[in-house]
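Chemist: My questions concern the predicted model and sequence given below.
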Amino acid sequence: MSHTTRLENIPVAGTRSYPPRHSNFTAVFWQGLKQGIWQTTRCGACGHATFPPKPVCPHCWSADMSWAPLGSRGHLYSWTRIHAAPAIFATESPYAVGIVDLDEGLRLACRLLENENTIWTPGMPVEMVVLSYEDGPLFAARPI
Ligand SMILES: [Zn+2]
């Protein structure tokens, strides 16, 4: 692979309210994301990419998975604003979360980054960014 997308890194004060669990397998993803590397796994047997990254292909059960770069862009499929947040996210509410369809055809859920002028509309183009908290990264989407 010659093309590697580096997502924009946006510093965020404080720590993540609910840090993702790390395994030896997912550590590759999270350590890469910290440097803005946006990637997932692709199956060598059937060619399908999956998100989140998986050690075994959910389409054909092959374990022939390797890391492949993702493009940063996609479109918003749907979104909502969370006002009554789970206790662990209470200090962050209200906040917007969405479902994004990446240009590669993968669908994921993530936090949406907005300002007071943002009007979320299904189908609008978005790009992925890294939120760099003091204890590690999260990924999010924002309007292009
Ligand atoms: Zn497969």
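Modeler: Yep, it's here. Numbering: from 1, shown residues only.
Chemist: For the most centrally placed residue in the chain, give the beta-bridge partners.
Modeler: Taking CA atoms, centre = their mean as the criterion, residue 139 is the residue nearest the geometric centre of the chain, at 4.2 Å. Bridge pairing for residue 139 (DSSP bridges) gives the partners residue 130.
Chemist: and the gap between it and residue 52?
Modeler: 10 Å (CB to CB, to the nearest Å). The way it works is simple: take the backbone N, C-alpha and C, and place the C-beta from them, glycine included.
Chemist: for residue 13, same thing?
Modeler: For residue 13, the distance to residue 52 - CB to CB - is 26 Å.
Chemist: Compare these two and say which one has the larger neighbour count.
Modeler: residue 52 (11 against 6; other CB atoms under 10 Å).
Chemist: Now do the SS call for the spatially most distant residue from the centre of the chain.
Modeler: Distance from the centre of the chain peaks at residue 45, with 24.7 Å (CA atoms, centre = their mean). Three-state call for residue 45 (DSSP: H, G, I helix; E, B strand; the rest coil): coil.
Chemist: Pull the number of nearby residues for the nearest residue to residue 15 once chain neighbours are set aside.
Modeler: Of all residues not flanking residue 15 in the chain, residue 135 sits nearest, at 4.2 Å (CB to CB, 6 or more residues apart in numbering). The burial count assigned to residue 135 is 9, neighbours taken as other CB under 10 Å.
Chemist: Next up, the contacts around residue 135.
Modeler: With contacts defined as CB atoms under 8 Å, 6 or more residues apart in numbering, residue 135 is in contact with 15, 16, 19.
Chemist: How about residue 92?
Modeler: Here residue 92 is in contact with 17, 85 (CB under 8 Å, 6+ apart).
Chemist: ok, 10 Å please
Modeler: Contact analysis of residue 92 by CB atoms under 10 Å, 6 or more residues apart in numbering lists 14, 17, 82, 85, 111.
Chemist: The fourth one contacts residue 94, correct?
Modeler: Yes: the pair residue 85 and residue 94 passes the contact test of CB atoms under 10 Å, sitting 7.8 Å apart.
Chemist: Quick check: residues of this protein near the ion?
Modeler: 43, 45, 46, 57, 59, 60, 62 (CB under 5 Å from the ion).
Chemist: in which helix or strand would I find the fifth one?
Modeler: I take that to be residue 59. Counting by DSSP states H and E, there is no helix or strand that carries residue 59.
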